[in-house]
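[1] Let me see the structure of the following:
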Amino acid sequence: MNDSVTVPHKSLSGQDMRTLGLASLGGALEFYDFIIFVFFATTIGQLFFPAELPEWMKQLQTFGIFAAGYLARPLGGIIMAHFGDKMGRKRMFTFSIMLMAVSTLGMGLLPTYAAIGIAAPFLLLLLRMIQGAAIGGEVPGAWVFVAEHVPSHRIGLACGFVTCGLTIGILLGSLTATWLNTAFSHEEILGGAWRYPFLLGGVFGLIAVYLRRWLSETPVFQAMKARKALSEELPLRVIARDHRGAVAISMALTGLLSAGIIVLVLMMPTVLQKFYGFDVQRSLNANSVTTLCLALGCILAGHFIDRIGNARFFMLFSLPMGIAAFVMFQLLPDNPGLLMPLSAVVGLCVGVVGAVAHAMVYVFPPAVRFSGLSTSYNVAYAIFGGFTPIIVTLMLQASPTAPALYVLAFGIIGIACGVGLRRLPQYTV
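    Below you'll find the model as predicted:
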């Protein structure tokens, strides 16, 4: 069952396309809101901590606040998923983006240390944790929401579109930061221009909240509610007792996803500059190419997984991501002119992450699907998000190909997940 797909002759309807469009747009805007903080870490450190603090201490505390968003993800994701399984997917799906919009808008309006003293960094920390809770509910919520709306043979494509939207959110953050640093001087940014990306993200987030009013509850949840088939037990208890195998594979696949995104997208500009001698502009341009090709790769991955099934897909396509990265790092020292085409190939191969949600949606039954997916994804991402940069940085001291070796290891884990998916029960969506 896991490796075969029945393809009925039913295409995406206009309603399905609208659902996909609004879900992907909201995901892009919400991920933009979550990621924009890191692009202005230096400015925030100067404005929200005492001037007499050493620069390294300001940066450390600023990145500590940034990391707090990741620590808040599991708690926010688990709570919102619980109510998503009990009260409806749409309510939590809308609530998550409202929470993100309000907290991002709050950051843009927040007084600095010069105005309110020590309260400024504490309020910033609180808003960052609210952002983390919001993104913890948004990503799994978006995957479940679209999967339960579209025809079963289009679930991979739908999840791929949503994941594509999330990657576009990263690109929007990068482009906004580039624009701000081009349009304004350093003094103007410190004087108040730093607020614009946060205010813009908050306003667009509120617009997305309004647009989500036009979405309808998923047919799957409506059917469960009509049959009184909603989980009577605590969903988290059911998952821990009856679906440990699904949790283990979902967490491992999240490790594959985080390796691709964190190592080959977020860390790549720094690696290219420090270990391969590229200047800042070329590194950022290459990263933009990688991100654009990643967005395309997510959609292609969703298309293929619908046709060959999730077990076979991960057995075939998990390893190429690591192989592409290894080839890139082997060729770059002697062939720097290949940076852009190699970045494009790596981006396409990282697109395998766009299929991860398909597998996670199928391994949990509808009554606890939101909780199972959200808990597995958010706990795993908090772990890998925290430790991956540290591990890869330490590995880089031994070899500049360390990022590729790390991703290759998760490619092998991805193959093992494909084998494991053959043995797990998979549920009708």
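
[2] Where do the helices of the stretch 51-200 of the chain begin and end?
    55-87, 89-109, 113-116, 119-147, 155-183, 186-188, 195-211 (DSSP state H, counting those that start in this stretch).

[3] Could you save those as a markdown table and add columns showing distance to I249 and mean neighbour count?
    For every residue, glycine as well, the C-beta is placed using N, CA and C. A markdown table is the format used below for the helices of the stretch 51-200 of the chain (distance: least, CB to CB, whole Å; neighbours: other CB atoms under 10 Å):
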| stretch | distance to I249 | mean neighbour count |
| --- | --- | --- |
| helix 55-87 | 18 | 20 |
| helix 89-109 | 22 | 22 |
| helix 113-116 | 46 | 13 |
| helix 119-147 | 15 | 25 |
| helix 155-183 | 16 | 22 |
| helix 186-188 | 48 | 11 |
| helix 195-211 | 32 | 19 |
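
[4] So which of those is nearest D242?
    helix 55-87 (14.1 Å; CB to CB).

[5] got the angle between that closest one and helix 119-147?
    Note on geometry: by axes from the mean of the first three to the mean of the last three CA atoms, to 10 degrees, helix 55-87 and helix 119-147 are set 40 degrees apart in direction.

[6] returning to that earlier point: mind checking which of the helices of the stretch 51-200 of the chain is nearest G45?
    Judging the helices of the stretch 51-200 of the chain by CB to CB, what sits closest to G45 is helix 55-87, at 3.6 Å.

[7] Which other helices and strands does that closest one contact?
    helix 14-39, helix 41-48, helix 89-109, helix 119-147, helix 235-242, helix 369-396 (3 or more CB pairs under 8 Å, 6 or more residues apart in numbering; DSSP states H and E).

[8] what residue ranges in this protein are flagged as low confidence?
    1-11, 59 (pLDDT under 70).

[9] Okay, and A223 sits in which element?
    If you go by DSSP states H and E, A223 is part of helix 219-226.

[10] Dump the C-alpha coordinates for that helix into PDB.
    Listed next in PDB are the C-alpha coordinates belonging to helix 219-226 (Å, rounded to 0.1, in the frame of the first residue of the first chain):
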ATOM      1  CA  PRO A 219     -13.800  18.100   4.600                       C
ATOM      2  CA  VAL A 220     -11.900  15.500   6.600                       C
ATOM      3  CA  PHE A 221     -12.500  17.300   9.900                       C
ATOM      4  CA  GLN A 222     -16.100  18.100   9.000                       C
ATOM      5  CA  ALA A 223     -16.700  14.400   8.300                       C
ATOM      6  CA  MET A 224     -15.100  13.300  11.600                       C
ATOM      7  CA  LYS A 225     -17.100  15.900  13.500                       C
ATOM      8  CA  ALA A 226     -20.400  14.700  11.900                       C
END
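
[11] Contacts for that helix next, please.
    Contact with helix 219-226 is made by 88-89, 148-149, 229-230, 366-367, 429, as judged by CB atoms under 8 Å, 6 or more residues apart in numbering.

[12] how far away is P121 from G141?
    30 Å (CB to CB, to the nearest Å).

[13] typo on my end, it should be V379
    From V379 across to G141, the span is 16 Å (CB to CB).

[14] what do you get for S343?
    31 Å.

[15] again, but for L394
    35 Å.

[16] Can you tell me the closest non-neighbouring residue to M98?
    Excluding its sequence neighbours, the residue lying closest to M98 (CB to CB, 6 or more residues apart in numbering) is V209, at 4.7 Å.

[17] for that neighbour, what are its contacts?
    Residues in contact with V209 (CB under 8 Å, 6+ apart) are 94, 97-98, 101.

[18] Over to V363?
    V363 touches 243, 245-246, 249-250, 372, 421, 424-427, counting by CB under 8 Å, 6+ apart.

[19] Mind checking which residue lies nearest the centre of this protein?
    Of all residues in the chain, the one closest to the mean position by CA atoms, centre = their mean is L166, 5.9 Å from it.

[20] Identify the residues contacting the residue nearest to that residue when sequence neighbours are not counted.
    Among residues not flanking L166 along the chain, F31 sits closest, at 4.7 Å (CB to CB, 6+ apart). Going by CB under 8 Å, 6+ apart, F31 touches 135, 165-167, 169-170, 173.

[21] Which pair of these spans the longest distance?
    Most distant of those, by CB to CB, are I135 and T167, 14.0 Å apart.

[22] In space, what's closest to C293 - neighbours in sequence excluded?
    Closest residue in space to C293, ignoring its immediate chain neighbours: G347 at 3.0 Å, by CB to CB, 6+ apart.

[23] Secondary structure element holding that neighbour?
    helix 339-350.

[24] Quick one: residues in contact with that helix.
    260-261, 264-265, 272, 278, 282, 285-287, 289-294, 296-297, 300, 320-321, 323-325, 327-328, 331-332.

[25] I'd like to know which of these are buried.
    Buried members of the contacts of helix 339-350, scored by 16 or more other CB atoms under 10 Å, are 260-261, 264-265, 272, 278, 282, 285-287, 289-294, 296-297, 300, 320-321, 324-325, 328, 332.

[26] Alright, I will stop here.
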